[in-house]
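**Q** pasting the sequence and the predicted coordinates here, then a few questions.
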Amino acid sequence: MPTRLTAALFGLWMALLGCVFAVVPAWQPPVGVLAGASAVLAVLAGLRRHYPIRRGPWQLLALAVGLSFAGVPAYTARPVFSHMHTIGTGFLLAGYPLLALVLYRFVRLRTGGRRDTGGLLDALTLTSGVALLAWTFVIGPHLRDTDLSLAQQWVAVAFPVGDLLCLALLTRLLTASGRRLPAAGWLAAGVLALLLADVGGNLVSLRDDLAFLATFGRVPMYAAVGLAALSPSMAELTRPVATPLAELGRVRLGLLALASLVAPAVLVFQVSVDGEVPDLTVVAALSALTFLLVLARMAGIMASHRLALARERGLREASAALVSAADADEVGNAVRTAVAQLLPADVPHGVVLAMAITEPEGPVAPEVAAQSDFDRATGTAARLVATRDVDWAVAVRLTHFNMVLRCPLVLRDRPNGDPLVGVLHVGGPTWALLGLQRALEVLAHQVALALERIGLSKEVTRRNSEAYFRTLVQNTSDVILIVDEDERVRYASPSAGHVLGGDPVGASLPDLIHPGDRLRLADVLAAVRGGEGTPEGLDFRAVGRRRTEVMLEMHCRDLRADQTVAGLVVTLRDVTDRRQLERELTHQAFHDSLTGLANRVLFADRLQHALARGARDGSVVGVLFIDLDDFKIVNDTLGHATGDQLLIAVAARIAGALRADDTAARLGGDEFAALVENVQDPGAVEETATRILAALAEPIMVDGGPLQAVASIGITTTPEADTADALLRQADLALYVAKGAGKNQWRRYQSHLHSAMVDRLELRSALDHAVNEGHFLLQYQPIVDLGTDEAVGFEALVRWHHPQRGVIAPDQFIEVAEESGLIVPMGRWVLDQALHTVAQWRRILPRIQQPYVSVNVSVRQFRQSGFVEQVKASLEYAGVPARALMLEITETLLMGDDEQIWTDLATLQEAGVRIAIDDFGTGYSSLGYLRQRPIDVLKIDKTFIDDMVGSEQQLALVAGIISLAQTLNLTVVAEGIEDATHRMLLAQLGCPLGQGYYYSEPLDATEALAWLRNPLPLAAV
């Protein structure tokens, strides 16, 4: 129901009760009770509808009304001072302190606890005048009436005293600043009605026909209280308002004048009527009190005037300081000094000047944007807000204050279009902030003008500096670029057109550089912005004015903090000819002049680097010594020229048989060498030797005739030795062995082969013992929903707990287990243990949190008869459904033709077990197999996830895999999520699931259960 309609209906109802009360005297007691109860209900309804910030005063008001309507029937009982009359008197008298407390709370909330001495003096002055009237016409006569008992006299005095107390507080409430509120008016009307009722009650002894007023006057009070509570402005009575002006208004000045004239009027009246003044002492005392209150009020006005002058002086000094301020820091200091002068001495306060961000780096929160729009609309109007409602950066500096005075700095005709310059915040006691509002608005306008002046001055200075800078560099041969935060060229020296073939202003700096060097350029720029310098001799390729490739030497310096530059200064120098000469000299120093292959020096250097890389990443390095058999016969019979041509052809065939990462070298004469690196298996080195022999098997045409080049090759790899000298020595020994075995053969260093076989047998024996004794343990890594960051499953990872070597990762023993067949019993144990663990989890966790477990399965396990029945039996024994298990197979299995394996997989899939392809993308399988095989899940290999950051091609490849999987209704799990960037990119690409160290490292079963119950918080995205 609308508020106005509710108030109107309540008013009609109370008017009806008043009429019944006046017309039917017999019904007065129940009607009075009904009216009071209606008022209480109205107050409760107002609290429920308008939600004032403080409900306590209104609840106390309802209690006071309740005491009133409960006490009236007993108070009017006969005979006077009977038991019921005494109870009613007690109820009525108890209502006055409650009503006074209600008015006091409204005054405190309305004034915000500020020290409004002027309003207090005005209320006391008016109350003292009314007190004199009450003494003269009500209290005094009753005290002098000898027909009344002492109890009757005190009761007659108590009611006027309660009325005076309520009147004083009501006057103080009405003198509070702010617009006149209907709720306050109705409340005043109710108190005045109560006062009239009490006056009527005290005059009963004089005229019996006035007894009606003693009880009827409370019905209008009930109506007024109910209408005050139903008014929407009732919530405003509990909110602070601005400080009133020091000057007296006409109404208040008139009331003070009347209060001052009460004493003379009483004297004249009593002398003219009675011929004497019965209570001259009381009249004189109250008259003197009124006079002193008026003097104190005048003194307060003078003090307010002096405070206004002090604030005006403070604003003038602040204006002078702001005019001379050269930057925002000096403006802040001037503002803090001015606020300290505007506030009374020794008032604790805090000042924060927040500048508006014209170009935010990231998205702006809706609350912040809405607050900024409100600031632009309100202008420099200061408003009082709670500290918790301001920006957190401001709130943490003003946290020891509950309220903050917030004043936007707004300039309507600002040149850049945005009128909001910033916001001035002042924290302090509420009463002090309310008195500071108007002065702070003036100060805020001056601060906005000062900040705008400083900004314009800096812009003019920056433009002048740019002109001077342009004059200095316009004739230099080096290219000087200024690059902004978006990598765009904001300025380019005139030489840029000659070197780069056009004006690069407005273009992106990476677009000027060769695509192959852009990633390195991004790293360099990021390092410079991070405070690191540019390495010497840093070269980048670019396209010159004739569309030819030029080599540019780059130097970069971060001058973003310099307002005259505000960017990165990039200097480019054309070093194409210099680098070409350096390359030619370097090539001659490190390459064989006849064949163009690496010489002995370069081969040794690359071998050292290969060994260092192999030590870091665990890859294998192989060295091959190649010696032509019977080459001396060619030189002796056909001449050295023919021999040289044969060497050139042999060098070409050896280089052609190697990979791009490998190195071919000529060590001297007919001796060659090959360096094989970045391989994981020594067998790859042997394959290289086989390819070289195959390449040399074909006859070589020299001067129109065929020649047969037969070679012997000695091989060694890093598993045999870890130093360059040892490898070269072992390769040389292997070459002698190869020559001794006959021509056109290769031999590998035998000592290492023997040692490797011994080590492998020892590992197999230890692994066999570990399988029999159960020296294995399982760890679990969570598989997480990327949308909610909640675990949906875990991958079971096996570890070998070796008695001497500790915990061994699977990559060190799985291959041996595959070869020896031990993978079958090991895999059976892993499956049973993983299902037993997930069964325990599912019994402990709630139904909405039931993870599954993913287990890796070897091809040899599938080829064991009865594998499907074994999986079903394990599921049944563990007591978990088939959907709680996912089996992971290798991608190479997709290309296999063993139909029995795919039949078994299809049977398991029909039973509810999900099938996943592990490390998808590394086996180079045909994507067409995905439609033909019973597959449910694709697990993208970690290498794809690592490489997609910063690589658009890799990112597109991952996006393609995800899209393909979604088309085929396959679920995708991304492996190797290491940081928040991986997670964000995968979530944007629509990848549903992922796992990696970003969420958790592999955990044991107990730790995994604890992680499920209380996942660790992620780093901020």
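**A** It's in.
**Q** residues in contact with Pro57?
**A** Under the criterion of C-beta atoms under 8 Å, 6 or more residues apart in numbering, the neighbours of Pro57 are 102, 105-106, 109, 237-238. Quick note: C-beta positions are derived from backbone N, CA and C, even for glycine.
**Q** can we see that at 7 Å?
**A** 102, 105-106, 238 (C-beta atoms under 7 Å, 6 or more residues apart in numbering).
**Q** rebuild those as CSV, extending it with pLDDT and distance to Val483.
**A** Listed next are those as CSV, based on pLDDT from 0 to 100; distance: C-beta to C-beta, whole Å:
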residue, pLDDT, distance to Val483
Val102, 74, 69
Arg105, 75, 64
Phe106, 71, 64
Thr238, 73, 58
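**Q** now, those residues that are in helices?
**A** Using DSSP state H, the subset of the contacts of Pro57 located in helices is 102, 105-106.
**Q** narrow those to those that are buried.
**A** Burial by neighbour count, judged by 16 or more other C-beta atoms under 10 Å, picks out 102, 105-106 from the ones in helices among the contacts of Pro57.
**Q** which one of those sits closest to Gly350?
**A** For these, the closest approach to Gly350 (C-beta to C-beta) belongs to Arg105, at 28.4 Å.
**Q** how about Asp346, secondary structure?
**A** With DSSP: H, G, I helix; E, B strand; the rest coil as the basis, Asp346 sits in coil.
**Q** neighbours of it, how many?
**A** 5 (other C-beta atoms under 10 Å).
**Q** how near is it to His425?
**A** In this view, Asp346 and His425 are 21 Å apart by C-beta to C-beta, to the nearest Å.
**Q** could you do Tyr222 as well?
**A** Tyr222 is 45 Å from His425, by C-beta to C-beta.
**Q** next: Val33.
**A** Val33 is 53 Å from His425, by C-beta to C-beta.
**Q** re earlier: which of the ones in helices among the contacts of Pro57 lies closest to Glu975?
**A** Arg105 (65.5 Å).
**Q** contacting residues for the closest one?
**A** 56-57.
**Q** who has more neighbours, Val33 and His425?
**A** Under the neighbour definition other C-beta under 10 Å, Val33 and His425 were set side by side, and His425 has more, 23 against 14.
**Q** I figured the more buried one hits Met403, correct?
**A** No: applying C-beta atoms under 7 Å as the test, His425 and Met403 come out as separate, 10.8 Å apart.
**Q** so where is the stretch 801-950 of the chain shaky, pLDDT-wise?
**A** Applying pLDDT under 70 to the stretch 801-950 of the chain flags residues 819, 892-898, 922-929.
**Q** and the strands in it?
**A** 806-808, 852-856, 885-890, 914-920, 937-940 (DSSP state E, counting those that start in this stretch).
**Q** turn those strands into TSV, including distance to Thr637 and mean neighbour count.
**A** Shown next, in TSV, are these (distance: least, C-beta to C-beta, whole Å; neighbours: other C-beta atoms under 10 Å):
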stretch	distance to Thr637	mean neighbour count
strand 806-808	60	12
strand 852-856	63	24
strand 885-890	56	21
strand 914-920	57	22
strand 937-940	62	24
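**Q** now these as JSON lines including distance to Ser712?
**A** Output for the strands of the stretch 801-950 of the chain, formatted as JSON lines (distance: least, C-beta to C-beta, whole Å):
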{"stretch": "strand 806-808", "distance to Ser712": "40"}
{"stretch": "strand 852-856", "distance to Ser712": "44"}
{"stretch": "strand 885-890", "distance to Ser712": "39"}
{"stretch": "strand 914-920", "distance to Ser712": "40"}
{"stretch": "strand 937-940", "distance to Ser712": "46"}
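**Q** related to what we said a few turns ago, closest to Arg863 out of the buried ones among the ones in helices among the contacts of Pro57?
**A** When these are compared against Arg863 (criterion: C-beta to C-beta), the nearest one is Arg105, at 86.9 Å.
**Q** ok, the closest one to Pro232 distance?
**A** For Arg105, the distance to Pro232 - C-beta to C-beta - is 20 Å.
**Q** doesn't Ala684 lie inside a strand?
**A** No: using three-state DSSP, the assignment for Ala684 is helix, not a strand.
**Q** find the nearest non-adjacent residue to it, please.
**A** Val676 (6.8 Å; C-beta to C-beta, 6 or more residues apart in numbering).
**Q** then Val569?
**A** Nearest to Val569 is Arg557, by C-beta to C-beta, 6+ apart, at 4.8 Å.
**Q** helix, strand, or coil at the one you found?
**A** strand.
**Q** could I get the pLDDT score of it?
**A** At Arg557, the pLDDT value in this model is 87.
**Q** just give me the neighbour total for it.
**A** So Arg557, with other C-beta under 10 Å, has 13 neighbours.
**Q** what's the separation between it and Ser493?
**A** 15 Å.
**Q** how about Gly18, nearest residue that isn't a chain neighbour?
**A** Closest to Gly18 by C-beta to C-beta, 6+ apart is Val219, at 4.9 Å.
**Q** what sits against Met403?
**A** 384, 386-387, 430, 433.
**Q** of those, buried ones?
**A** 384, 387, 430, 433.
**Q** what's the closest of these to Trp1011?
**A** Of the buried ones among the contacts of Met403, the one sitting nearest to Trp1011 (C-beta to C-beta) turns out to be Thr387, at 38.1 Å.
**Q** show the pLDDT at the closest one.
**A** In this model, Thr387 carries a pLDDT of 86.
**Q** distance of Cys991 from Gln781?
**A** 17 Å.
**Q** the more surrounded of the two?
**A** Cys991 (26 against 22).
**Q** which SSE is that one in?
**A** Using DSSP states H and E, Cys991 is not contained in any helix or strand.
**Q** touching, it and Leu970? I think so.
**A** No: with contact defined as C-beta under 7 Å, Cys991 does not reach Leu970; the gap is 11.8 Å.
**Q** can you give me the strands in the stretch 551-700 of the chain?
**A** Using DSSP E, counting those that start in this stretch, strands in the stretch 551-700 of the chain cover 567-574, 620-628, 663-668, 671-679, 700-702.
**Q** and those, which is most packed in?
**A** Mean neighbour count, computed with mean count of other C-beta atoms under 10 Å, is highest for strand 620-628 among the strands of the stretch 551-700 of the chain, reaching a mean of 25.
**Q** can you tell me the strand partners of that one and which way each runs?
**A** strand 671-679 (antiparallel), strand 711-717 (antiparallel) (DSSP bridges).
**Q** Pro934 is nearest to which of those strands?
**A** So among the strands paired with strand 620-628, strand 671-679 is nearest, using C-beta to C-beta, at 34.8 Å.
**Q** please export the C-alpha coordinates of that closest one as PDB.
**A** Extracted in PDB, the C-alpha atoms of strand 671-679 (Å, rounded to 0.1, in the frame of the first residue of the first chain):
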ATOM      1  CA  GLU A 671      89.400 -37.600 -41.600                       C
ATOM      2  CA  PHE A 672      85.900 -36.300 -40.900                       C
ATOM      3  CA  ALA A 673      83.800 -36.100 -37.800                       C
ATOM      4  CA  ALA A 674      80.100 -35.700 -37.000                       C
ATOM      5  CA  LEU A 675      78.500 -34.400 -33.800                       C
ATOM      6  CA  VAL A 676      75.000 -35.600 -33.100                       C
ATOM      7  CA  GLU A 677      73.000 -33.800 -30.300                       C
ATOM      8  CA  ASN A 678      69.500 -33.300 -29.000                       C
ATOM      9  CA  VAL A 679      68.700 -37.000 -29.100                       C
END
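**Q** that strand to strand 663-668, inter-axis angle?
**A** 160 degrees (axes from the mean of the first three to the mean of the last three C-alpha atoms, to 10 degrees).
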